[in-house]
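>>> Model the following, please.
(2 chains)
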Amino acid sequence: MLRIATWNINSVRLRMPLVLRYLHEHQPDVLCLQETKCRDAEFPASDLRSAGYEHLAIHGQKGYHGVAIASRHPLSSISRRDFCAKGDARHIAATVEFAGREVAIHNFYVPAGGDVPDPQVNPKFAHKLGFLEEMSNWMSGPDWQNSSAILVGDLNIAPLEADVWSHKALMNVVSHTAVEIDRLQNVLAAGAWVDALRQQIPPHEKLYTWWSYRSPNWLAADKGRRLDHIWLSGDLAANVDALEILKDARGWERPSDHVPVLISLKSR
DNA sequence: ATGGCTGATTATATCAGA
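Numbers count the residues shown, from 1 in each chain, chains lettered A, B, ... in the order given. Predicted structure coming up:
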């Protein structure tokens, strides 16, 4: 059994109590974090080690972005890729052993893309599209052939109509526009990935992992989006045991605006 | 009514998130 969780934590230092609560209550083997918002030297490594997550792969920077993998089992082949050559900490990968295989875990924080969904006038949106294009180009290449892999993270795109509270209201809002959904589908196809959540949950069923801070009654309004994803290489698709989107965590004290998403894989 | 909030920063306003 291997339990892997992904969570955009929106400042890991501020929310370490929530991280420790989640680890205690849900017992993932591996936790992938995004938006850690601190340099590597400031990462709360000792707290995670004390909680039993002794193996850490971190890629941070000051103030923004930042990704990390915390694991109860050894991590090997740790790597970080600098997408778009901007020096941003938006990707880290590490390998774990599962069912006699070496499984690469790739943890991504895809750029949000700013407000205006036009790459001609909005450089942030151009960056987002470029980032996605670099992902699909990379995954078409030799590194990815015949490898067991899991891709997780905040991809900042809600691809399906049921991944947003209103397809009509959001089709011109960054995170749900046709052009970025198209780029995301290219990434999915390039890596021959399986969207694990939608493999388990019917595609017409509403499914969210993020609720804006700006909605005071986020629970009642329920205007969410599915921005956080878990994708599997084809050989792992039949190992899925369970999925868990911890919506409760959005209601914890001083929450992240994203909630943890977990996949449990069984050895066949 | 998709920005009404939230977090980080050599801060006391600005940028970023999405």
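>>> Now do the phi/psi pair for the spatially most central residue of chain A.
Taking Cα atoms, centre = their mean, the centroid of chain A lies closest to A:Gly153, which sits 0.9 Å from it. Backbone geometry at A:Gly153, expressed as degrees, to the nearest 10, gives phi 140, psi -180.
>>> Any idea what it is bridged to?
Beta bridges link A:Gly153 to A:Phe108, A:His229, judged by DSSP bridges.
>>> Go through stretch A:7-20 and flag the buried ones.
A:Trp7, A:Asn8, A:Ile9, A:Asn10, A:Val12, A:Arg15, A:Leu18, A:Val19, A:Leu20 (16 or more other Cβ atoms under 10 Å). The C-beta positions use only the backbone N, C-alpha and C, and glycine is treated the same way.
>>> so of these, which ones are in strands?
A:Trp7, A:Asn8 (DSSP state E).
>>> Taking the buried residues of stretch A:7-20 together, which two end up most distant?
Largest separation among the buried residues of stretch A:7-20 by Cβ to Cβ: A:Asn8 and A:Leu20, giving 17.1 Å.
>>> near DNA strand B, which residues of chain A show up?
Neighbours of DNA strand B within chain A, by Cβ under 7 Å from any atom of the strand: A:8, A:10-11, A:13-14, A:35, A:37-38, A:62-64, A:111-115, A:124, A:154, A:156, A:165, A:169-170, A:173-175, A:210, A:212-217, A:223, A:225, A:227, A:254, A:257-258.
>>> Filter the residues you listed down to the buried ones and hand me the ChimeraX line.
Buried residues among these (16+ other Cβ under 10 Å), as a ChimeraX selection:
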select /A:8,10,35,37,38,111,112,113,114,154,156,165,170,174,175,210,223,225,227,257,258
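>>> Show the residue spans covered by the helices in chain A.
Secondary structure of chain A (DSSP state H): helices located at A:16-26, A:45-50, A:123-139, A:167-170, A:178-190, A:196-200, A:218-221.
>>> pLDDT averaged over the fourth one, what's the number?
Just to be clear, that refers to helix A:167-170. Regarding helix A:167-170, the rounded mean pLDDT is 96.
>>> Nearest to DNA strand B: which residue in chain A?
Closest residue of chain A to DNA strand B, Cβ to the nearest atom of the strand: A:Ser11 (2.9 Å).
>>> ok, for that residue, nearest residue in space, not its chain neighbours?
Spatial nearest neighbour of A:Ser11, chain neighbours left out: A:Lys37 (4.6 Å); criterion: Cβ to Cβ, 6 or more residues apart in numbering.
>>> Next: A:Glu244.
A:Leu262 (4.5 Å).
>>> One more: A:Pro123?
In space, and not counting its chain neighbours, A:Pro123 is closest to A:Gly114: 7.7 Å by Cβ to Cβ, 6+ apart.
>>> which residues touch the one you found?
A:Asn122, A:Pro123, A:Lys124, A:Phe125, A:Lys128, A:Val174 (Cβ atoms under 8 Å, 6 or more residues apart in numbering).
>>> Check the residues you listed and tell me the two furthest apart.
The most distant members of those, if one measures by Cβ to Cβ, are A:Pro123 and A:Val174, lying 12.9 Å apart.
>>> What lies in contact with stretch A:81-91?
Contacts for stretch A:81-91 (Cβ under 8 Å, 6+ apart): A:59-61, A:64-67, A:80, A:93, A:106-111, A:127, A:130-131, A:134-135, A:138.
>>> make it 10 Å
Applying Cβ atoms under 10 Å, 6 or more residues apart in numbering, the external contacts of stretch A:81-91 come out as A:34-40, A:58-62, A:64-68, A:79-80, A:92-93, A:106-111, A:126-128, A:130-135, A:138, A:153-154.
>>> Over to stretch A:115-128?
With Cβ under 10 Å, 6+ apart as the criterion, stretch A:115-128 contacts A:83-84, A:86, A:88, A:110-114, A:129-130, A:156-157, A:171-180, A:183.
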